[in-house]
Structures are given as C-alpha cells and as structure tokens.
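model this:
(4 chains)
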There are 2 protein chains.
Amino acid sequence: MDFVRPELIPDPTVRRLSLYLRQLEQLQKNAQLTVNSKQLGGSLGLTDAQVRKDLAYFGTFGHPGVGYNVLELISRIKRILGTDKAWNVVLVGVGYLGKALLSYAGFAAKGMQLVAAFDSDPEKVGQVLSGHEVLPMTHIAEIINRHECRLAILTVPADVAQDVATDLVHAGIRGILNFSPTSLTVPPTVAVQAVDVALQLEQLTFQVSLNSMTRSGVRHP
Amino acid sequence: MDFVRPELIPDPTVRRLSLYLRQLEQLQKNAQLTVNSKQLGGSLGLTDAQVRKDLAYFGTFGHPGVGYNVLELISRIKRILGTDKAWNVVLVGVGYLGKALLSYAGFAAKGMQLVAAFDSDPEKVGQVLSGHEVLPMTHIAEIINRHECRLAILTVPADVAQDVATDLVHAGIRGILNFSPTSLTVPPTVAVQAVDVALQLEQLTFQVSLNSMTRSGVRHP
DNA sequence: GGATGTGAATGCATTCACAGCA
DNA sequence: TGCTGTGAATGCATTCACATCC
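The predicted structure follows:
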C-alpha cells in the first residue's frame, strides 16, 4: 500500500471506499471515462466534499478542473482495499447459508479463492457442493497452512462460533467474516466483520415504526 | 413506542440496541436475573457509560445500586425495536441466497411471517421451497396488499433491483432488506438496510492488509 | 471556468465524572 | 456501597469555503 499513517483512517471512510468502487465499476461498464466528486457522491447520497476528503486520505489522484479518471481510481481503490491481490479463503459450517455462499459468484469477482469447506457433521463430510468438497473439521489447520489462507467465512451455529473462531486464529486466520449471531473475542491482530441479518431486520422494524409514528401520529417539533 | 423525540436517536445507538438484546437473551438462557452496564457492555467491547447513555434515550428503566432486570430490559428493547409485534414479509428473488433465506429460522424468531416468495423466472414459479410457494412477480402488489406487508427482502440481481424496489414501495412496502449490491433510491418514508457480503469482504481485506503492515513492516509513530 | 485538496468550523457521538438513589 | 442517569468535556467525522491548479 502507498499511503502514510494508515492507522488513523476513519472506519466510515473505508466503508465508503467500497461503495465508490461499486459505483465506479458501474461507470466503467457505461464507458464513462472520468467522474467528478459530485457525481460519484450523488448516486450514493453523499456530498462532494465527503468524497474528496475520503479519497484524499490515500493520496492525491484527482485532476483539478476535470475530476477523477474512472479506470485509474478503480485500480487505486482496489490496491488500497487489498483486492488487487488474490486471497485464499476457507468456509466453516455448511448449513443453508454456507451452501448458498459456496455457490456465490461474487467471491471470485473480488479475487477470493475458496480453497475448502468444513463441517462437523459426518453426513455432510465428503459431499461436493458447487465444486467444493466438504472436509472434516480436523483438517482445518492443515489446509489453512498449506494454502496460506488468511480469511475465513464462519457460518456455524452461534454456540460453537467462538470455539471455531479461536481454532481458526490459531491456525493463522487473520480476518473472519462472521455470520453467526455472536460477538467474537479475538486478538487485536485479527479483524472481524459481522453479518447479522436478524439484527438488520430489527433496524428496519425500528425505522419503519419510527416513520409511521413521526409522519401520521403526533408531531414532535 | 414510549419515548420522546424519537427522530434524534443516534443510528449507532439503535444498532447497539440489537446487540444488547442478543446479549440479554443469552443471559436469560443462563438464568441470570439482573445485569449491570459494565457486564452488558464488556462482552460487546463497549464501555459502561455507552450502555447507560444508549438506554437512557428511551427512558429510565435501570435500578441504581442493582443494575437492569434482564427480562424487563428484553421486553423494553423489543418494544422499542418493534419486534414485539408480528410483521408480514415478502421475499423477491429466489436465487441461491433467496432460497437460503427462505429456510432461515431466525426470521420467525424475530416475529417475521414470510407470507410469499416471488421470482420472474417461469421455471421457478410454482416450486415450493421450505413451505413457501414461489409466485410470479405479477402478484406482488396484490399479495402485499392482502397481507398488509410492510417489509420486503430483496434478493434479485443488481440490474433489476431498483425497478423492483420502486414497485415494492408503490405496493406499500416501508422497509427493504436489500441484498443486491446497489444503492437504492427510495422516498424518505421508506427505510433500507443493505447487506453486501462483497463489501464486507473488502473491509476485511483492508483491515488484514493494514494489520500485517503496521505490525511487521515499518512503524508509523 | 471548473474541479480538486485542505485548513477551519461545525455538528455528533463517546467518554468522563459526579450527583442522587437503593 | 454500588450502580444508574446525565450535564460537561472530549474526540471524531462531516461540511464549509477557499486557495490552487488544469
């Protein structure tokens, strides 16, 4: 990577970087060559200043009077996010969700190589799903080592998630995409991203309840 | 709901409310009767002050010198989030992900009634998946009306997501759980929660790259 | 002219620290 | 004493506004 003092980049900025990338890839498909901060932010509901400040954390790659070169910006952001390289990934827990993720094409598009899937259920071990053989949990450490995996997708039941996570970390995993509804405790050298559909549904019901309140019912001036 | 000036509650607070609820339900299983702000926050990596401030937005239901009554707090938070009532939900887009979500038990646990699934593919229409018959898209408005659905789960390809979302909103949907990797444009009366696995993977690769940089490589003082 | 990059100003969210209650 | 609820203080993130450059 090529920016200074990386530790003090705001988390929200990194989130938006992914959004910019998504938007830019769309523009690229439409054969648009350059984009300015107002356009890029507008479709995402962000201000132009926000976009410029975000990008400025990582260097200065805009062109005053013109905007940003779409292809250039795509490649810069990919390098920043680390998706310009290939990553080997393991998936643990082949339930409904795990199966769905095994057949998810988006991983490969982001440079993710799914090298193996694991499950503790002997019934599932040996099955081949979307081209991936399900292996027993006992092989986790060996496979992670052999393929130098740094990322894991965790789709096991909540009550075993912490134990599995600890094993993964010991085996060398440095980032976990956690689909189990539990807060994992891991060393500070390990990153965790939580995906919790139930939680997001609750956010929705809250917002919807709120909207229906503030618009129809009593006004709060 | 029973709190004043709901429009000025910080978004992060609402997110954490869901986390508290998850934690509290765990405590309930362990038959713990009360919990103080330090315990509740600790397991989630939050300070005690944070917990107290969050809860105080919605009233005063702690007991000085004691803490919070677990059962009472669960029921209060559920009421705040709106998950004490039942919600009818439709799912649109029966791909790999849609199928996985149809068999997801977590919905029912949060009071969600999945009333129908829709897909535009004639091959899929008529199939019964996890007890839900797949209906053609032409029936969306009618079903939403008949069951007074306010929530929708959107698992269609990105290029049709905006059109489907617009239809859903016209049919009366007020909250969308969006799994398509696109930013939806909807009226301010409609809430959207985005679930983007590819995006979260990018966050992970960023953090992992960062960690391996700042720990082994050059230090940035 | 048109758009970037950036210090300064603003606006939020988190943390502190303590009064008050059981 | 132990813990809550909360104004005050701090710390971040966003927005403003303008000097700068193509």
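
Output the below-cut-off pLDDT ranges for chain A.
A:1-7, A:215-221 (pLDDT under 70).

Got the domain ranges for it?
Domain assignment for chain A by automatic domain parsing gives A:6-81, A:87-199.

In contact with residue A:190, which residues?
A:169, A:173, A:174, A:175, A:176, B:211 (C-beta atoms under 8 Å, 6 or more residues apart in numbering or on different chains). For every residue, glycine as well, the C-beta is placed using N, CA and C.

again with residue A:140
Per C-beta under 8 Å, 6+ apart, neighbours of residue A:140: A:90, A:92, A:118, A:167, A:168, A:171.

7 Å instead, please
A:118, A:167, A:171 (C-beta atoms under 7 Å, 6 or more residues apart in numbering or on different chains).

Residue A:205: which of the residues you listed is nearest?
Closest approach between these and residue A:205, by C-beta to C-beta: residue A:118, at 34.3 Å.

quick one: the strands in chain A?
Under the criterion DSSP state E, chain A contains strands at A:34-35, A:68-69, A:87-92, A:112-119, A:128-129, A:132-136, A:151-154, A:175-178, A:191-194.

Pick the most buried one from those.
strand A:151-154 (a mean of 26; mean count of other C-beta atoms under 10 Å in any protein chain shown).

Pull the residues that contact it.
A:87, A:89-93, A:101, A:161, A:164-165, A:168, A:173, A:175-180, B:204, B:208.

want to try CSV for the contacts of residue A:190, with distance to DNA strand D as columns?
As requested, the contacts of residue A:190 are exported to CSV (distance: C-beta to the nearest atom of the strand, whole Å):
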residue, distance to DNA strand D
A:169, 26
A:173, 26
A:174, 22
A:175, 20
A:176, 22
B:211, 17
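
Could you dump the residues you listed into TSV with distance to residue A:106 added?
Shown next, in TSV, are the contacts of residue A:190 (distance: C-beta to C-beta, whole Å):
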residue	distance to residue A:106
A:169	25
A:173	20
A:174	21
A:175	17
A:176	18
B:211	24
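
Of those, just say which sits nearest to residue B:129.
Using C-beta to C-beta, the contacts of residue A:190 come closest to residue B:129 at residue A:176, 29.6 Å.

ok, now which ones touch that closest one?
A:152, A:154, A:165, A:168, A:184, A:190, A:192.

Recalculate using a threshold of 10 Å.
Listed by C-beta atoms under 10 Å, 6 or more residues apart in numbering or on different chains, the contact set of residue A:176 reads A:92, A:151-154, A:161, A:164-165, A:168-169, A:184, A:186, A:190-194, B:204, B:208.

on that earlier part again, out of the contacts of residue A:140, which one sits closest to residue B:41?
residue A:167 (26.8 Å).

just checking, that closest one touches residue A:141?
Yes: between residue A:167 and residue A:141 there is a contact under C-beta atoms under 10 Å: 7.4 Å.

Looking at the contacts of residue A:140, which is nearest chain B?
residue A:171 (14.8 Å; C-beta to the nearest C-beta).

Can you tell me how far that closest one is from residue A:118?
11 Å (C-beta to C-beta, to the nearest Å).

shared neighbours, those two?
A:90, A:140, A:143, A:144, A:152.

Chain neighbours aside, what residue packs nearest to the residue of chain A at minimum distance from DNA strand C?
Nearest residue of chain A to DNA strand C (C-beta to the nearest atom of the strand) works out as residue A:62 at 2.6 Å. Spatial nearest neighbour of residue A:62, excluding adjacent residues (C-beta to C-beta, 6 or more residues apart in numbering or on different chains): residue A:68 at 5.0 Å.

List the beta-bridge partners for that neighbour.
Beta-bridge pairing of residue A:68 under DSSP bridges involves residue A:35.

And the helices in chain A?
Counting by DSSP state H, chain A has helices at residues A:11-29, A:37-42, A:48-56, A:70-81, A:96-102, A:106-109, A:140-147, A:158-171, A:197-216.

ok, residue A:93 touching residue A:168?
No: using C-beta under 10 Å, residue A:93 is not in contact with residue A:168, being 11.4 Å away.

hey, what's in contact with both of the two?
Residues touching both residue A:93 and residue A:168 by C-beta under 10 Å, 6+ apart: A:118, A:154.

near DNA strand D, which residues of chain A show up?
For chain A, the residues in contact with DNA strand D (C-beta under 7 Å from any atom of the strand) are A:10-13, A:46-47, A:49-50, A:52-53, A:63-66.

picking that back up, which one of the contacts of residue A:140 is nearest to residue A:30?
Among these, and counting by C-beta to C-beta, the member closest to residue A:30 is residue A:118, at 40.9 Å.

so what's that closest one closest to, chain neighbours aside?
Here the residue nearest residue A:118, using C-beta to C-beta, 6+ apart, is residue A:92, at 4.7 Å.

Would you check that the one you found makes contact with residue A:141?
No: Residue A:92 lies out of contact with residue A:141 (C-beta under 10 Å); the separation is 12.0 Å.

Overlap in contacts, these two.
A:167, A:168.

before we move on, the earlier item: between the shared contacts of residue A:171 and residue A:118, which sits nearest residue A:35?
For these, the nearest to residue A:35 is residue A:152 (35.1 Å; C-beta to C-beta).

Show me the beta-bridge partners of the closest one.
Bridge pairing for residue A:152 - DSSP bridges - gives residue A:90, residue A:176.

follow-up on the earlier one: so which of the contacts of residue A:176 are also by DNA strand C?
Within the contacts of residue A:176, nothing lies near DNA strand C by C-beta under 7 Å from any atom of the strand.

Spit out the contact partners of residue A:48.
A:36, A:37, A:38, A:39, A:40, A:41, A:42.

how close does the residue nearest to residue A:192 when sequence neighbours are not counted get to residue B:199?
In this structure, residue A:192 finds its nearest non-sequential neighbour in residue A:176, 4.9 Å apart by C-beta to C-beta, 6+ apart. Plainly put, residue A:176 is 16 Å away from residue B:199 if you go by C-beta to C-beta.

cool, and residue A:30?
21 Å.

export the strands of chain A to TSV and tack on distance to residue A:58?
Output for the strands of chain A, formatted as TSV (distance: least, C-beta to C-beta, whole Å):
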stretch	distance to residue A:58
strand A:34-35	17
strand A:68-69	12
strand A:87-92	20
strand A:112-119	23
strand A:128-129	38
strand A:132-136	35
strand A:151-154	22
strand A:175-178	20
strand A:191-194	19
